[in-house]
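In: Give me the fold of what follows.
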Amino acid sequence: MNFIFFSPNYPKYCTEFCFQLKKCGVNVLGISDVDYYLLDEKLQYSMTEYIKVDRLEDYDEVLRAVGYYTHKYGEIDRFESLNEHWLELDAHIRTDFNIFGTKLDFISNLKQKSKMEKFFKKSGVESIRSITKFDRAKAKKFIAKIGGYPVVVKPNIGVGANMTYKITSESDLEHFLQTKPPEVEFIMQEHIDGVLQTYDGLVNKDGEILFAASHEFPHSIMESVNAGNHFSYYCLKEVSGEIEEAGRKIIHTYGIRERFFHLEFFKSNRDGNIIALEVNMRPPGSWMTDAINYTYDIDIYELWANMVVNNQVEGPFVGKYYTGFASHKNHLPYAHGHEEIMQRYHHQIVHHFSIEDVQSQSRGNYAYLFRSKDFNEVKRIEAFIHAVENKVEVYA
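Out: Okay, here's the model as predicted:
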(Lines give C-alpha, C1' and ligand atoms only; values in the text may rest on other atoms or scores of the structure.)
Protein backbone atom coordinates (compact mmCIF):
# COMPACT_ATOMS: atom_id res chain seq x y z
CA MET A 1 0.00 0.00 0.00
CA ASN A 2 1.28 3.46 -0.99
CA PHE A 3 0.07 5.97 1.61
CA ILE A 4 0.87 9.66 1.20
CA PHE A 5 0.71 11.37 4.59
CA PHE A 6 0.28 15.12 4.18
CA SER A 7 1.78 17.26 6.96
CA PRO A 8 2.91 14.19 8.96
CA ASN A 9 4.73 16.39 11.48
CA TYR A 10 1.64 18.29 12.68
CA PRO A 11 -0.29 17.62 14.82
CA LYS A 12 2.40 15.70 16.71
CA TYR A 13 0.32 12.54 17.03
CA CYS A 14 0.57 12.07 13.26
CA THR A 15 4.01 10.58 13.93
CA GLU A 16 2.30 7.71 15.79
CA PHE A 17 -0.07 7.07 12.89
CA CYS A 18 2.85 6.99 10.43
CA PHE A 19 4.83 4.67 12.70
CA GLN A 20 1.96 2.18 12.97
CA LEU A 21 1.43 2.24 9.20
CA LYS A 22 5.11 1.41 8.76
CA LYS A 23 4.74 -1.52 11.20
CA CYS A 24 1.88 -2.82 9.06
CA GLY A 25 4.13 -2.84 5.98
CA VAL A 26 2.74 0.32 4.39
CA ASN A 27 4.90 2.50 2.13
CA VAL A 28 4.55 5.86 3.94
CA LEU A 29 5.36 8.85 1.74
CA GLY A 30 5.49 12.26 3.41
CA ILE A 31 4.82 15.79 2.17
CA SER A 32 5.29 18.85 4.40
CA ASP A 33 6.99 22.25 4.61
CA VAL A 34 9.64 21.41 7.23
CA ASP A 35 13.25 20.44 6.51
CA TYR A 36 13.76 16.69 6.85
CA TYR A 37 16.52 17.01 9.46
CA LEU A 38 14.11 18.91 11.75
CA LEU A 39 11.60 16.07 11.80
CA ASP A 40 11.26 13.74 14.77
CA GLU A 41 13.54 10.69 14.41
CA LYS A 42 10.58 8.34 14.84
CA LEU A 43 8.81 10.10 11.97
CA GLN A 44 11.92 9.91 9.79
CA TYR A 45 12.11 6.16 10.44
CA SER A 46 8.43 5.73 9.57
CA MET A 47 8.62 7.25 6.08
CA THR A 48 10.02 5.64 2.93
CA GLU A 49 10.52 9.06 1.34
CA TYR A 50 9.79 12.67 2.16
CA ILE A 51 9.27 15.75 0.01
CA LYS A 52 9.54 19.27 1.39
CA VAL A 53 7.36 21.90 -0.30
CA ASP A 54 7.67 25.64 0.22
CA ARG A 55 4.01 26.16 1.10
CA LEU A 56 1.43 23.55 2.05
CA GLU A 57 -1.26 25.91 0.73
CA ASP A 58 0.30 25.89 -2.75
CA TYR A 59 -1.88 23.28 -4.45
CA ASP A 60 0.21 23.13 -7.62
CA GLU A 61 3.33 22.35 -5.60
CA VAL A 62 1.55 19.59 -3.68
CA LEU A 63 0.11 18.27 -6.94
CA ARG A 64 3.60 17.95 -8.42
CA ALA A 65 4.83 16.10 -5.33
CA VAL A 66 1.98 13.59 -5.60
CA GLY A 67 2.72 13.22 -9.31
CA TYR A 68 6.35 12.44 -8.51
CA TYR A 69 5.35 9.77 -5.99
CA THR A 70 2.89 8.26 -8.48
CA HIS A 71 5.57 8.07 -11.16
CA LYS A 72 8.10 6.51 -8.77
CA TYR A 73 5.93 4.13 -6.69
CA GLY A 74 2.87 3.50 -8.84
CA GLU A 75 -0.77 3.92 -7.87
CA ILE A 76 -1.37 5.88 -4.67
CA ASP A 77 -3.79 4.04 -2.40
CA ARG A 78 -4.43 6.75 0.20
CA PHE A 79 -3.83 10.47 0.67
CA GLU A 80 -4.52 11.71 4.19
CA SER A 81 -3.58 14.39 6.73
CA LEU A 82 -5.95 13.48 9.61
CA ASN A 83 -6.20 17.26 10.05
CA GLU A 84 -9.44 19.22 9.69
CA HIS A 85 -7.56 22.21 8.29
CA TRP A 86 -6.56 20.20 5.21
CA LEU A 87 -9.89 18.41 4.57
CA GLU A 88 -10.50 20.25 1.31
CA LEU A 89 -6.94 19.84 0.00
CA ASP A 90 -7.06 16.12 0.88
CA ALA A 91 -10.32 15.75 -1.05
CA HIS A 92 -8.98 17.78 -3.99
CA ILE A 93 -5.93 15.52 -4.38
CA ARG A 94 -8.08 12.38 -4.06
CA THR A 95 -10.37 13.71 -6.76
CA ASP A 96 -7.59 14.65 -9.17
CA PHE A 97 -5.76 11.32 -8.73
CA ASN A 98 -8.86 9.14 -8.17
CA ILE A 99 -7.64 8.00 -4.76
CA PHE A 100 -9.98 6.18 -2.36
CA GLY A 101 -11.73 8.41 0.17
CA THR A 102 -13.89 11.51 0.45
CA LYS A 103 -13.89 13.51 -2.77
CA LEU A 104 -14.27 17.22 -3.48
CA ASP A 105 -18.00 17.01 -4.30
CA PHE A 106 -18.83 15.90 -0.73
CA ILE A 107 -16.38 17.84 1.37
CA SER A 108 -18.65 20.84 2.04
CA ASN A 109 -20.95 18.51 3.99
CA LEU A 110 -18.07 17.92 6.43
CA LYS A 111 -16.98 21.57 6.68
CA GLN A 112 -20.13 23.72 6.67
CA LYS A 113 -22.06 23.58 9.93
CA SER A 114 -25.27 24.58 8.12
CA LYS A 115 -25.03 21.47 5.93
CA MET A 116 -24.34 19.23 8.93
CA GLU A 117 -27.76 20.19 10.28
CA LYS A 118 -29.42 18.69 7.18
CA PHE A 119 -27.69 15.35 7.81
CA PHE A 120 -28.72 15.42 11.46
CA LYS A 121 -32.36 15.89 10.48
CA LYS A 122 -32.12 13.12 7.89
CA SER A 123 -30.69 10.78 10.52
CA GLY A 124 -33.53 11.55 12.93
CA VAL A 125 -31.26 13.10 15.57
CA GLU A 126 -32.32 16.38 17.17
CA SER A 127 -30.04 19.27 16.22
CA ILE A 128 -29.47 22.88 17.19
CA ARG A 129 -31.68 25.37 15.37
CA SER A 130 -29.69 27.88 13.33
CA ILE A 131 -29.61 30.41 10.50
CA THR A 132 -26.95 31.62 8.07
CA LYS A 133 -26.60 34.71 5.85
CA PHE A 134 -28.37 36.82 8.45
CA ASP A 135 -28.66 40.59 8.78
CA ARG A 136 -29.98 42.53 11.75
CA ALA A 137 -33.65 41.93 10.95
CA LYS A 138 -33.24 38.22 10.22
CA ALA A 139 -31.17 37.74 13.38
CA LYS A 140 -33.81 39.41 15.57
CA LYS A 141 -36.57 37.34 13.97
CA PHE A 142 -34.63 34.12 14.66
CA ILE A 143 -33.92 35.13 18.27
CA ALA A 144 -37.62 35.82 18.83
CA LYS A 145 -38.54 32.47 17.25
CA ILE A 146 -36.33 30.44 19.61
CA GLY A 147 -37.52 32.32 22.70
CA GLY A 148 -34.90 35.05 23.07
CA TYR A 149 -31.29 35.43 24.07
CA PRO A 150 -28.68 34.02 24.44
CA VAL A 151 -27.56 32.78 21.03
CA VAL A 152 -24.17 31.65 19.73
CA VAL A 153 -22.49 32.90 16.56
CA LYS A 154 -19.53 31.16 14.94
CA PRO A 155 -17.98 30.75 11.48
CA ASN A 156 -20.01 28.42 9.27
CA ILE A 157 -16.66 26.87 8.36
CA GLY A 158 -14.31 26.79 11.31
CA VAL A 159 -12.22 24.68 13.66
CA GLY A 160 -12.56 24.69 17.43
CA ALA A 161 -14.02 27.73 19.17
CA ASN A 162 -12.21 30.42 17.17
CA MET A 163 -14.44 33.48 16.56
CA THR A 164 -17.25 31.85 18.54
CA TYR A 165 -19.29 34.26 20.64
CA LYS A 166 -22.22 34.15 23.04
CA ILE A 167 -24.70 36.93 22.29
CA THR A 168 -26.77 37.81 25.36
CA SER A 169 -28.41 41.13 24.45
CA GLU A 170 -29.27 43.55 21.66
CA SER A 171 -26.14 45.55 22.41
CA ASP A 172 -24.04 42.36 22.03
CA LEU A 173 -25.77 41.68 18.71
CA GLU A 174 -25.18 45.21 17.50
CA HIS A 175 -21.50 45.05 18.45
CA PHE A 176 -21.07 41.74 16.65
CA LEU A 177 -22.78 42.97 13.46
CA GLN A 178 -20.62 46.08 13.37
CA THR A 179 -17.29 44.36 14.08
CA LYS A 180 -17.55 40.93 12.42
CA PRO A 181 -15.09 40.32 9.56
CA PRO A 182 -17.02 40.75 6.29
CA GLU A 183 -15.16 37.91 4.56
CA VAL A 184 -16.34 35.29 7.08
CA GLU A 185 -19.77 33.66 6.78
CA PHE A 186 -21.25 33.19 10.25
CA ILE A 187 -23.94 30.86 11.52
CA MET A 188 -26.23 31.81 14.42
CA GLN A 189 -27.37 28.98 16.69
CA GLU A 190 -29.64 28.72 19.68
CA HIS A 191 -27.74 28.43 22.95
CA ILE A 192 -28.10 25.06 24.65
CA ASP A 193 -27.76 24.83 28.42
CA GLY A 194 -26.14 21.44 28.57
CA VAL A 195 -23.03 19.30 28.85
CA LEU A 196 -20.86 18.70 25.76
CA GLN A 197 -20.32 15.00 25.04
CA THR A 198 -18.59 13.30 22.12
CA TYR A 199 -18.75 10.11 20.10
CA ASP A 200 -15.26 9.25 18.83
CA GLY A 201 -14.06 6.20 16.96
CA LEU A 202 -13.26 4.30 13.80
CA VAL A 203 -15.51 3.30 10.91
CA ASN A 204 -14.14 0.85 8.33
CA LYS A 205 -14.38 0.62 4.56
CA ASP A 206 -17.72 -1.20 4.84
CA GLY A 207 -19.27 1.42 7.11
CA GLU A 208 -18.93 -0.74 10.25
CA ILE A 209 -18.04 1.06 13.47
CA LEU A 210 -15.09 -0.90 14.84
CA PHE A 211 -14.38 1.13 17.96
CA ALA A 212 -16.07 3.97 19.85
CA ALA A 213 -15.34 6.06 22.93
CA SER A 214 -16.92 9.11 24.52
CA HIS A 215 -15.64 12.27 26.23
CA GLU A 216 -17.41 14.77 28.48
CA PHE A 217 -16.49 18.44 28.93
CA PRO A 218 -17.33 20.01 32.30
CA HIS A 219 -16.28 23.49 31.10
CA SER A 220 -17.40 25.46 28.04
CA ILE A 221 -14.79 25.41 25.27
CA MET A 222 -16.11 28.77 24.08
CA GLU A 223 -15.48 30.32 27.51
CA SER A 224 -12.05 28.69 27.64
CA VAL A 225 -11.08 30.58 24.49
CA ASN A 226 -12.89 33.89 24.98
CA ALA A 227 -12.60 34.36 28.74
CA GLY A 228 -9.40 32.43 29.45
CA ASN A 229 -11.27 29.97 31.65
CA HIS A 230 -10.21 26.44 32.53
CA PHE A 231 -10.13 23.67 29.95
CA SER A 232 -10.71 20.05 30.91
CA TYR A 233 -12.48 16.88 29.83
CA TYR A 234 -13.05 13.28 30.91
CA CYS A 235 -12.70 10.17 28.77
CA LEU A 236 -15.49 7.91 30.00
CA LYS A 237 -15.22 4.17 30.63
CA GLU A 238 -18.38 3.54 28.62
CA VAL A 239 -20.32 5.16 25.81
CA SER A 240 -23.85 5.91 26.96
CA GLY A 241 -26.63 4.20 25.04
CA GLU A 242 -28.15 7.50 23.91
CA ILE A 243 -24.84 8.82 22.53
CA GLU A 244 -24.15 5.47 20.86
CA GLU A 245 -27.57 5.46 19.19
CA ALA A 246 -27.35 9.06 17.96
CA GLY A 247 -23.74 8.63 16.79
CA ARG A 248 -24.44 5.47 14.83
CA LYS A 249 -27.41 7.07 13.09
CA ILE A 250 -25.32 10.04 11.96
CA ILE A 251 -22.38 7.92 10.77
CA HIS A 252 -24.81 5.74 8.78
CA THR A 253 -26.53 8.76 7.24
CA TYR A 254 -23.23 10.35 6.20
CA GLY A 255 -22.07 7.07 4.65
CA ILE A 256 -18.50 7.74 5.73
CA ARG A 257 -15.95 5.01 5.07
CA GLU A 258 -12.55 4.23 6.59
CA ARG A 259 -12.33 7.29 8.80
CA PHE A 260 -11.77 8.47 12.29
CA PHE A 261 -14.85 10.33 13.50
CA HIS A 262 -15.42 12.89 16.24
CA LEU A 263 -19.06 13.88 16.75
CA GLU A 264 -20.16 16.51 19.27
CA PHE A 265 -23.47 16.60 21.13
CA PHE A 266 -25.10 18.53 23.94
CA LYS A 267 -26.99 16.69 26.64
CA SER A 268 -29.63 19.22 27.63
CA ASN A 269 -29.78 20.13 31.32
CA ARG A 270 -33.46 20.94 30.87
CA ASP A 271 -34.83 17.65 29.56
CA GLY A 272 -31.84 15.32 29.07
CA ASN A 273 -32.25 15.26 25.29
CA ILE A 274 -29.23 14.54 23.08
CA ILE A 275 -28.77 17.39 20.58
CA ALA A 276 -26.28 17.12 17.70
CA LEU A 277 -23.81 20.00 17.41
CA GLU A 278 -21.30 19.10 14.68
CA VAL A 279 -19.34 16.35 12.96
CA ASN A 280 -15.58 16.12 12.46
CA MET A 281 -14.21 13.31 10.32
CA ARG A 282 -10.78 13.21 11.97
CA PRO A 283 -9.23 12.02 15.23
CA PRO A 284 -10.38 14.00 18.27
CA GLY A 285 -7.88 16.70 19.21
CA SER A 286 -6.60 18.00 22.56
CA TRP A 287 -4.77 14.74 23.33
CA MET A 288 -8.04 12.78 23.43
CA THR A 289 -6.43 9.98 21.44
CA ASP A 290 -4.00 9.52 24.33
CA ALA A 291 -6.85 9.70 26.83
CA ILE A 292 -8.57 6.89 24.91
CA ASN A 293 -5.40 4.79 25.15
CA TYR A 294 -5.17 5.32 28.91
CA THR A 295 -8.87 4.57 29.41
CA TYR A 296 -8.98 1.36 27.38
CA ASP A 297 -5.33 0.26 27.72
CA ILE A 298 -5.02 0.09 23.93
CA ASP A 299 -3.07 1.81 21.15
CA ILE A 300 -5.64 3.70 19.06
CA TYR A 301 -2.93 4.57 16.52
CA GLU A 302 -2.30 0.87 15.92
CA LEU A 303 -6.04 0.18 15.66
CA TRP A 304 -6.40 2.87 13.00
CA ALA A 305 -3.48 1.49 10.96
CA ASN A 306 -4.90 -2.05 11.16
CA MET A 307 -8.25 -0.74 9.99
CA VAL A 308 -6.64 0.97 6.98
CA VAL A 309 -4.60 -2.10 6.03
CA ASN A 310 -6.91 -4.97 7.07
CA ASN A 311 -10.34 -3.30 7.34
CA GLN A 312 -10.68 -4.84 10.82
CA VAL A 313 -9.33 -4.52 14.35
CA GLU A 314 -9.26 -7.00 17.20
CA GLY A 315 -11.73 -6.46 20.05
CA PRO A 316 -13.75 -6.35 22.15
CA PHE A 317 -12.74 -3.14 23.89
CA VAL A 318 -13.60 -2.55 27.53
CA GLY A 319 -12.98 0.71 29.35
CA LYS A 320 -10.91 0.14 32.48
CA TYR A 321 -10.43 3.69 33.77
CA TYR A 322 -11.81 7.21 33.63
CA THR A 323 -9.12 9.51 32.23
CA GLY A 324 -9.12 13.24 32.87
CA PHE A 325 -7.35 16.17 31.22
CA ALA A 326 -6.73 19.43 33.08
CA SER A 327 -4.33 22.26 32.39
CA HIS A 328 -2.81 25.36 33.94
CA LYS A 329 -2.97 28.74 32.21
CA ASN A 330 -0.14 31.12 32.99
CA HIS A 331 -2.39 34.08 33.79
CA LEU A 332 -4.33 32.33 36.58
CA PRO A 333 -3.14 32.29 40.25
CA TYR A 334 -3.31 28.57 40.99
CA ALA A 335 -3.34 27.34 44.56
CA HIS A 336 -1.25 24.25 43.78
CA GLY A 337 1.93 24.23 41.73
CA HIS A 338 3.40 21.46 39.60
CA GLU A 339 5.46 19.85 42.37
CA GLU A 340 2.49 19.72 44.75
CA ILE A 341 0.25 18.23 42.05
CA MET A 342 2.81 15.57 41.18
CA GLN A 343 3.50 14.70 44.81
CA ARG A 344 -0.18 14.35 45.71
CA TYR A 345 -1.32 12.45 42.60
CA HIS A 346 1.83 10.79 41.24
CA HIS A 347 0.08 7.39 41.09
CA GLN A 348 -2.84 8.74 39.04
CA ILE A 349 -1.02 11.10 36.66
CA VAL A 350 -0.02 9.18 33.54
CA HIS A 351 1.33 12.03 31.43
CA HIS A 352 2.15 15.74 31.80
CA PHE A 353 3.54 18.13 29.22
CA SER A 354 3.88 21.70 27.94
CA ILE A 355 1.44 22.93 25.31
CA GLU A 356 2.59 24.71 22.15
CA ASP A 357 1.80 28.42 21.95
CA VAL A 358 -0.59 27.91 19.03
CA GLN A 359 -2.95 25.95 21.31
CA SER A 360 -2.23 27.55 24.67
CA GLN A 361 -4.96 30.22 24.57
CA SER A 362 -7.69 27.60 24.60
CA ARG A 363 -5.99 24.50 26.01
CA GLY A 364 -3.63 26.03 28.56
CA ASN A 365 0.15 26.20 28.99
CA TYR A 366 0.84 23.01 30.94
CA ALA A 367 -1.39 19.92 31.00
CA TYR A 368 -1.97 16.75 32.99
CA LEU A 369 -3.57 13.46 32.01
CA PHE A 370 -4.66 11.31 34.95
CA ARG A 371 -6.80 8.23 35.41
CA SER A 372 -8.68 6.25 38.04
CA LYS A 373 -11.34 3.56 38.18
CA ASP A 374 -13.30 5.98 40.38
CA PHE A 375 -14.92 8.79 38.37
CA ASN A 376 -15.28 10.94 41.49
CA GLU A 377 -11.54 10.71 42.11
CA VAL A 378 -10.84 11.94 38.57
CA LYS A 379 -13.15 14.89 39.22
CA ARG A 380 -11.37 15.65 42.50
CA ILE A 381 -7.99 15.66 40.75
CA GLU A 382 -9.32 18.05 38.10
CA ALA A 383 -10.65 20.34 40.85
CA PHE A 384 -7.30 20.23 42.68
CA ILE A 385 -5.35 21.15 39.54
CA HIS A 386 -7.75 23.99 38.71
CA ALA A 387 -8.06 25.40 42.24
CA VAL A 388 -7.10 29.08 42.36
CA GLU A 389 -5.84 31.09 45.32
CA ASN A 390 -8.31 32.56 47.85
CA LYS A 391 -11.00 30.04 46.91
CA VAL A 392 -11.92 27.20 49.27
CA GLU A 393 -11.99 23.75 47.62
CA VAL A 394 -12.75 20.30 49.05
CA TYR A 395 -10.88 17.28 47.61
CA ALA A 396 -11.44 14.55 50.22
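In: Double-check Glu258 against Phe100; I have them as touching.
Out: Yes - proximity of Glu258 to Phe100 meets the contact threshold set by CB atoms under 8 Å, at 7.5 Å. All C-beta atoms are positioned from the backbone trio N, CA, C, and that covers glycine.
In: So for the two, which residue has more residues nearby?
Out: More neighbours surround Glu258 than the other of Glu258 and Phe100, with 19 against 13 (other CB atoms under 10 Å).
In: What is the burial count for the residue nearest to Lys320 when sequence neighbours are not counted?
Out: Sequence neighbours aside, Asp297 is the residue nearest to Lys320 in space, at 5.5 Å (criterion: CB to CB, 6 or more residues apart in numbering). By the criterion of other CB under 10 Å, Asp297 has 12 neighbours.
In: State the pLDDT value of Asp297.
Out: Here, the pLDDT recorded for Asp297 equals 97.
In: now Gly160
Out: If you check Gly160, the pLDDT there is 64.
In: By mean pLDDT, point me to the weakest helix or strand of this structure.
Out: helix 221-226 (a mean of 76; mean pLDDT, DSSP states H and E).
In: From the contact counts, what lies against that one?
Out: strand 165-167, helix 357-363 (3 or more CB pairs under 8 Å, 6 or more residues apart in numbering; DSSP states H and E).
In: Quick one: distance of the shortest one to the chain centre.
Out: The chain centre lies 22 Å from the centre of strand 165-167; the measure is CA atoms, centre = their mean, to the nearest Å.
In: Could you number the chain from 31 rather than 1 from now on?
Out: From this message on, residue numbering opens at 31, which makes the last subject strand 195-197.
In: can you give me the strands for the stretch 231-380 of the chain?
Out: 239-243, 245-247, 262-265, 289-298, 304-310, 352-358, 379-384 (DSSP state E, counting those that start in this stretch).
In: what sits up against the second one?
Out: Outside strand 245-247, the residues that touch it by CB atoms under 8 Å, 6 or more residues apart in numbering are 225-228, 230, 262-266, 314, 318, 321.
In: one more time with 7 Å
Out: Val225, Leu226, Gln227, Thr228, Asp230, Tyr263, Tyr264, Cys265, Leu266, Pro314, Met318 (CB atoms under 7 Å, 6 or more residues apart in numbering).
In: Confirm that the second one sits in a helix.
Out: No - following the definition DSSP: H, G, I helix; E, B strand; the rest coil, Leu226 is strand and is not counted among the residues of a helix.
In: My read is that it contacts Leu293, right?
Out: No - taking contacts as CB atoms under 7 Å, Leu226 lies outside contact range of Leu293: 11.1 Å.
In: residue ranges with poor pLDDT in this protein?
Out: When residues are selected by pLDDT under 70, those of the chain lie in 189-191, 421-426.
In: Nearest residue to the middle of it?
Out: Pro314 (3.3 Å; CA atoms, centre = their mean).
In: Tell me the bridge partners for the residue nearest to that residue when sequence neighbours are not counted.
Out: Leaving aside its sequence neighbours, Pro314 sits nearest to His292 (CB to CB, 6+ apart; 4.3 Å). Beta-bridge partners for His292, by DSSP bridges, are Asp230, Asn310.
In: For His292, give me its contacts.
Out: If you count contacts by CB under 7 Å, 6+ apart, His292 has them with Thr228, Asp230, Asn310, Arg312, Pro313, Pro314.
In: Which members of these are classed as buried?
Out: Among those, the ones that count as buried by 16 or more other CB atoms under 10 Å are Thr228, Asp230, Asn310, Arg312, Pro313, Pro314.
In: coming back round to it: from memory the residue nearest to Lys350 sits against Val348, does it?
Out: No - Asp327 is beyond contact range of Val348, at 8.9 Å (criterion: CB under 7 Å).
In: tell me which of the buried ones among the contacts of His292 is nearest to Cys48?
Out: Using CB to CB, Pro313 is the member of those that lies nearest Cys48, at 13.2 Å.
In: Lys168 versus the closest residue to that closest one other than its chain neighbours, what's the distance?
Out: Excluding its sequence neighbours, the residue lying closest to Pro313 (CB to CB, 6+ apart) is Phe290, at 4.5 Å. Distance from Phe290 to Lys168, counting by CB to CB, to the nearest Å: 36 Å.
In: Neighbour count for those two, which is higher?
Out: Between Phe290 and Lys168, Phe290 has the larger neighbour count (other CB under 10 Å), namely 22 against 13.
In: Show me the helices in the stretch 81-230 of the chain, by range?
Out: When secondary structure is read from DSSP state H, counting those that start in this stretch, the stretch 81-230 of the chain shows helices at 89-103, 117-127, 138-141, 143-153, 166-175, 200-209.
In: Please work out which of those helices is packed deepest.
Out: helix 117-127 (a mean of 20; mean count of other CB atoms under 10 Å).
In: just to revisit the earlier point, now the helices of the stretch 81-230 of the chain as TSV including distance to Ser402?
Out: Listed next are the helices of the stretch 81-230 of the chain as TSV, based on distance: least, CB to CB, whole Å:
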stretch	distance to Ser402
helix 89-103	45
helix 117-127	36
helix 138-141	35
helix 143-153	34
helix 166-175	43
helix 200-209	41
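In: how about Ala95, what does it touch?
Out: Ile61, Ile81, Val83.
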